[in-house]
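Trainee: Just need the structure, nothing else, for what follows:
(one chain, ligands or ions: 1)
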Amino acid sequence: MDGIFDSISKEIKGLSSRLPKEISNVAIPEKLKNPPLWVKISLGTTALSYAYIRYSWTAMNDWGIPILTPSLLTFGTCGHYARENGLVELADEELRAKNRKTVGFYRLLSPVVLSVDVDLLTPIFTTHFGSFTNRQPDIGSFGMGKEMSKMMDVLADPKIWRRVRQSVSPSFSNVQLEKMMAVTKSRLDVLVQQIKDLNGESINPRTVSGKYTMDAFLAAAMGFQMDLASIKDFDNSKELKYFNEILTPGPQIFLLFIFPGLGSLLDKLDIKIYASKAIRWFTGYCKSMLAADTQETEQRNFLSAFKKLRISDEDAKDATKGLTEDEIISQIFVLFGAGYETSASLLQWAIYNICKDEELQQRLYEEVKDVPEEYENLNSKKLPLLIAVLNECLRLFSPAIFQFRYCDHDVVINGIPLTKGSNLEVPVDYLHEIEEYWGPEAREFRPDRWIENPALEKAPFFIPFGVGPRNCVGMRFAHMQSRLGLMRILKNFKVQFPSDFVDDIKKIRTTAFLANPSKEIKVSFLPR
Ligand code: HEM
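Mentor: The predicted structure follows:
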């Protein structure tokens with residue numbers, strides 16, 4: 001420690017010899033010349049920490065990509081994480097405006113590669129998956145406490161994640177989805193009647209889509225029914241209030257990204273950093289669902305499937321299939337949490353964009369009006385325009401703001417020597433709008449592009465559900481739910497903005513990651 005203090009003193013002496021005489025002649029009090037031990041220790045620690053931070057910020061120097069200059073004030077380059085639209089603005093300023101595909105920055109000390117280069121991101125998500133099995137450093141339950149720490153999306157141990165994913169995936173098979181579709185249709189009957197009861201009074205399409213995706217998910221996936229007298233009651237329901245609290249974390253959530261390990265430490269201590277009351281309510285709700293669904297029923301849903309796979313904590317250590325009780329609760333939450341808002345957001349934007357274009361709406365109606373609501377009809381052969389509209393919404397209003405991966409092993413990809421602990425972030429809004437990939441009308445809502453070029457659906461630059469082994473496990477459920485829901489709405493209603501609605505809507509990104517409208521949208525559903 002004295003060595004460090006001596007070298008700092010030498011630096012200061014060197015500096016003072018270059019100062020003007022009147023300043024260098026000022027007498028330094030004896031106390032300051034020989035400071036107490038605690039001052040020496042503090043100065044030494046500060047100097048060491050500073051040196052370590054500066055050293056860490058050289059990690060990407062020879063990666064051959066431009067690097068944003070880090071600063072202590074912004075924890076490296078982290079200011080954008082806590083700002084509304086911050087992630088989008090960073091990509092716009094540093095990639096779009098400068099016409100480049102990749103840039104590096106530091107998330108506190110961790111290197112982050114922000115990129116829309118498919119030659120870099122595709123191998124990371126697919127062929128090099130073994131080095132990138134996680135999305136982020138072990139973040140635990142996102143600050144939701146111990147009971148939620150086994151959710152599939154945050155499981156950091158590849159062995160446990162694989163077992164959980166393999167146990168859950170069969171619930172999304174065609175046979176299962178067909179069964180869930182029958183239940184979804186019956187919940188749509190209720191929804192359509194509730195919309196008719198509005199007698200043309202305008203309503204926020206997010207209320208309609210939210211009520212549908214929450215109700216249909218709970219019924220089709222868990223075998224539970226949500227009974228509301230009117231669709232308008234949905235916005236005031238206790239369930240919605242709690243779910244919104246859980247699904248809308250504050251900026252404090254970014255502390256978990258910035259300080260690796262903090263999330264799992266909080267889980268171990270069972271500390272929740274937000275919405276603790278709502279989480280307690282949800283966990284209790286899940287437990288009662290698990291306890292209530294004791295009889296074997298004809299209807300197969302996620303809950304009954306998971307219960308059959310139940311194993312003890314002890315057996316789970318060596319098992320390749322099966323779920324412990326905690327894991328079942330965590331999966332119920334993540335399937336619901338990852339599925340409800342994303343699909344509701346998608347349908348909201350679809351209704352909004354259909355309202356904007358009467359001709360498009362008429363074409364859609366002509367397409368869907370005689371197509372029976374069967375599972376095998378929900379594809380682009382039978383419903384090309386409907387699927388084109390949903391794809392165009394997934395492209396321009398992607399529910400996920402960015403895709404990300406965490407590097408587990410040193411590996412060179414596309415010439416970049418990524419090191420263990422570094423990260424990839426893909427700003428989806430920009431990726432989905434790059435002219436080089438999408439053509440000159442990249443930023444326009446033009447569903448016909450999907451009909452003219454069906455190959456776009458498989459393009460590496462269209463990734464609303466992610467890519468590779470860790471992509472969205474619920475994608476097929478989301479397709480079934482959104483295609484069926486939109487088809488039923490179009491068959492039964494003409495949608496339009498009420499006369500007093502001014503359409504100056506912009507897409508904004510909140511810290512909850514979703515694409516939100518800048519103000520409440522209003523739509524009248526007129527029965528056909
Ligand atoms: C429009 C609807 C949806 C969109 C756009 C969407 C998007 C995504 C994205 C981008 C990811 C990350 C993928 C990656 O990192 O490569 C993801 C993961 C996930 N999604 Fe979805 N999702 C949707 C609906 C659903 C539904 C309906 C469910 C469940 C019923 C679901 C469950 C999950 C789960 C559990 C994960 C984590 C998978 C893992 O870590 O293995 N999602 N989703």
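Trainee: Wasn't residue 455 part of a strand?
Mentor: No: under DSSP: H, G, I helix; E, B strand; the rest coil, residue 455 falls outside any strand and is assigned helix.
Trainee: how close does it sit to residue 449?
Mentor: Between residue 455 and residue 449 the computed distance is 11 Å (CB to CB, to the nearest Å). Where you see a C-beta, it was placed from the backbone N, CA and C, and this is true even at glycine.
Trainee: who's more crowded, these two?
Mentor: Counting neighbours by other CB atoms under 10 Å for residue 455 and for residue 449 shows that residue 449 has the greater number, 18 against 7.
Trainee: For the stretch 401-528 of the chain, which segments are assigned as strands?
Mentor: Under the criterion DSSP state E, counting those that start in this stretch, strands of the stretch 401-528 of the chain are mapped to 402-406, 411-413, 416-418, 423-427, 493-496, 507-509, 515-517, 524-527.
Trainee: List the contacts of the first one.
Mentor: Spelled out, it's strand 402-406. Strand 402-406 is touched from outside by 87, 121, 124-125, 132, 134-137, 421-428, 463, 466-467, 513, with contacts defined as CB atoms under 8 Å, 6 or more residues apart in numbering.
Trainee: is it fair to say residue 224 lies in a helix?
Mentor: No: under the criterion used here (three-state DSSP), residue 224 is coil, not part of a helix.
Trainee: any idea how far the residue nearest the centre of the chain is from residue 479?
Mentor: When the chain is reduced to its mean C-alpha position, the nearest residue by CA atoms, centre = their mean turns out to be residue 400, at 4.5 Å. When distances are taken as CB to CB, residue 400 and residue 479 turn out to be 15 Å apart.
Trainee: what do you get for residue 48?
Mentor: For residue 48 relative to residue 479 (CB to CB), the value is 54 Å.
Trainee: and what of residue 406?
Mentor: Counting by CB to CB, the gap from residue 406 to residue 479 is 28 Å.
Trainee: which of the two has more neighbours?
Mentor: For residue 406 versus residue 479, neighbours defined as other CB under 10 Å are more numerous around residue 406 (21 against 17).
Trainee: ok, now which ones touch the residue in the stretch 151-300 of the chain that the ligand sits nearest to?
Mentor: With CB to the nearest ligand atom as the measure, the residue in the stretch 151-300 of the chain that lies nearest the ligand is residue 153; the distance is 3.6 Å. Contacts for residue 153 (CB under 8 Å, 6+ apart) come out as 135, 334, 338.
Trainee: Next up, the contacts around the first one.
Mentor: What it means is residue 135. Residues near residue 135 by CB under 8 Å, 6+ apart: 153, 404-406, 470.
Trainee: Residue 78 touches residue 251, doesn't it?
Mentor: No: with the criterion set as CB atoms under 8 Å, residue 78 and residue 251 do not qualify as a contacting pair; they are 10.6 Å apart.
Trainee: which intervals of the stretch 401-528 of the chain have sub-threshold pLDDT?
Mentor: With pLDDT under 70 as the threshold, the stretch 401-528 of the chain has low-confidence stretches at 511-512.
Trainee: Quick check: residues of it near the ligand?
Mentor: 403, 464-467, 470-474, 477-478 (CB under 6 Å from any ligand atom).
Trainee: can you put those residues in a markdown table and add neighbour count?
Mentor: As requested, these are exported to a markdown table (neighbours: other CB atoms under 10 Å):
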| residue | neighbour count |
| --- | --- |
| 403 | 23 |
| 464 | 21 |
| 465 | 19 |
| 466 | 19 |
| 467 | 20 |
| 470 | 20 |
| 471 | 14 |
| 472 | 19 |
| 473 | 22 |
| 474 | 23 |
| 477 | 25 |
| 478 | 22 |
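Trainee: Give me the neighbour count for residue 50.
Mentor: Residue 50 is surrounded by 11 other residues when neighbours are defined as other CB under 10 Å.
Trainee: any residue of the longest helix along the chain up close to the ligand?
Mentor: Longest among the helix segments of the chain by residue count, using DSSP state H, is helix 325-355. Yes: judged by CB under 6 Å from any ligand atom, helix 325-355 comes into contact with the ligand at 334-335, 338-339, 342-343, 346.
Trainee: Ok, stretch 125-139 next?
Mentor: Yes: contact between stretch 125-139 and the ligand, assessed by CB under 6 Å from any ligand atom, occurs at residue 135.
Trainee: ok now that stretch, how far from the chain's centre?
Mentor: 15 Å (CA atoms, centre = their mean, to the nearest Å).
Trainee: Let's see the pLDDT reported for residue 45.
Mentor: The predicted local confidence for residue 45 comes out at a pLDDT of 89.
Trainee: ranges for the helices of the stretch 101-250 of the chain?
Mentor: Using DSSP state H, counting those that start in this stretch, the helices assigned to the stretch 101-250 of the chain run over residues 118-125, 158-168, 174-196, 205-222, 238-247.
Trainee: and the angle for the shortest one with strand 402-406?
Mentor: Interaxial angle, helix 118-125 versus strand 402-406 (axes from the mean of the first three to the mean of the last three CA atoms, to 10 degrees): 60 degrees.
Trainee: Kindly report the same for the fourth one.
Mentor: Helix 205-222 and strand 402-406 meet at an angle of 50 degrees, taking the same axes, to 10 degrees as the criterion.
Trainee: Export the contacts of residue 153 to CSV and append columns for pLDDT.
Mentor: What follows is the contacts of residue 153, written out as CSV (pLDDT from 0 to 100):
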residue, pLDDT
135, 92
334, 88
338, 85
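Trainee: one step back: residue 78 and residue 251: which has the busier surroundings?
Mentor: For residue 78 against residue 251, the residue with the higher neighbour count under other CB under 10 Å is residue 78, and the figures read 21 against 13.
Trainee: So the more buried one versus residue 401, what's the distance?
Mentor: Between residue 78 and residue 401 the computed distance is 16 Å (CB to CB).
Trainee: and if you look at residue 236?
Mentor: Applying CB to CB, the value for residue 236 to residue 401 is 28 Å.
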